[in-house]
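A.B. asks: model the structure of this input:
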Amino acid sequence: MDMDMGTDSSSSSSGMAMMMAVFQTSQATPLYSAGWTPSSTGAYAGACIFLIILALAFRGLLAAKTWQESRWLDAELNRRYVVVNGKAPLAATLSRDSLAKNLVLSENGVEESVVVVKKRASHLRPWRLSVDPVRAALDTTIAGVGYLLMIAVMSMNVGYFLAILGGTFLGSLLVGRYTASVEH
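C.D. replies: Numbering: from 1, shown residues only. This is a model prediction of the structure:
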């Protein structure tokens, strides 16, 4: 507002109070664009069903990320081994470690004595081409779906909000046991 027009600050502050966000029940609330504005009860129901499925997919993506991270960690911890070529002192030292196992590897008929050392997980793991780009793509997809759900909630439409809550409930009911215990 232009202060030269003679408006006082009390009317502009009361105008700000009028802009408070409130939930509404209009079935003609646009979802993501003006082109996606339900024009009938069936279209509104379809938009709500889409949001339920999107919230389900979000919970599924969180479970998939947890499962994949667990697979990556298991593979990393199980790939560590030390080849013992006639060096009994090293094998003896490692075999006393509670995390080490004496094994024999066989490939093409050639046997090799190894000691498999399972290392405790450290908080800093090396960058791997087979893991990190997939992790980044999964994180980006999770963020994108989360933002789409947030935008739908910000429309302040009660039906959209309840559809997202319903999808979150169903997703947690189906795959919640597979997600990490700490999440946002």
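A.B. asks: which stretches of this protein aren't confidently modelled?
C.D. replies: 1-20, 79-106, 109-123, 181-184 (pLDDT under 70).
A.B. asks: what about Ala143, neighbour count?
C.D. replies: Applying other C-beta atoms under 10 Å, we find 11 residues neighbouring Ala143. C-beta here means a position set from N, CA and C on the backbone, and glycine is covered the same way.
A.B. asks: mind listing the strands for this structure?
C.D. replies: 81-83, 100-107, 110-117 (DSSP state E).
A.B. asks: pull out the buried residues from stretch 162-181.
C.D. replies: Ala163, Ile164, Gly166, Gly167, Thr168, Leu170, Gly171, Ser172, Val175, Thr179 (16 or more other C-beta atoms under 10 Å).
A.B. asks: output that stretch as PDB, nothing but the C-alphas.
C.D. replies: C-alpha atoms of stretch 162-181 as PDB (Å, rounded to 0.1, in the frame of the first residue of the first chain):
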ATOM      1  CA  LEU A 162      -8.400 -35.700   5.200                       C
ATOM      2  CA  ALA A 163      -7.500 -37.600   2.000                       C
ATOM      3  CA  ILE A 164      -3.800 -37.100   2.800                       C
ATOM      4  CA  LEU A 165      -4.300 -38.100   6.400                       C
ATOM      5  CA  GLY A 166      -6.200 -41.200   5.200                       C
ATOM      6  CA  GLY A 167      -3.500 -42.100   2.800                       C
ATOM      7  CA  THR A 168      -0.800 -41.600   5.400                       C
ATOM      8  CA  PHE A 169      -2.800 -43.900   7.800                       C
ATOM      9  CA  LEU A 170      -3.200 -46.600   5.200                       C
ATOM     10  CA  GLY A 171       0.500 -46.400   4.100                       C
ATOM     11  CA  SER A 172       1.600 -46.600   7.700                       C
ATOM     12  CA  LEU A 173      -0.700 -49.500   8.300                       C
ATOM     13  CA  LEU A 174       0.700 -51.400   5.300                       C
ATOM     14  CA  VAL A 175       4.400 -50.600   5.400                       C
ATOM     15  CA  GLY A 176       5.000 -48.600   8.600                       C
ATOM     16  CA  ARG A 177       6.900 -51.500  10.200                       C
ATOM     17  CA  TYR A 178       9.500 -51.200   7.400                       C
ATOM     18  CA  THR A 179      10.300 -47.500   7.900                       C
ATOM     19  CA  ALA A 180      13.000 -46.100  10.100                       C
ATOM     20  CA  SER A 181      12.000 -45.400  13.700                       C
END
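A.B. asks: pull the residues that contact it.
C.D. replies: Residues from elsewhere that reach stretch 162-181, judged by C-beta atoms under 8 Å, 6 or more residues apart in numbering: 47-49, 51-60, 62-63, 65-67, 69, 149, 152-153.
A.B. asks: please repeat the previous calculation with a cut-off of 7 Å.
C.D. replies: Residues from elsewhere that reach stretch 162-181 (C-beta atoms under 7 Å, 6 or more residues apart in numbering): 48, 51-56, 58-60, 62-63, 66-67, 149, 152-153.
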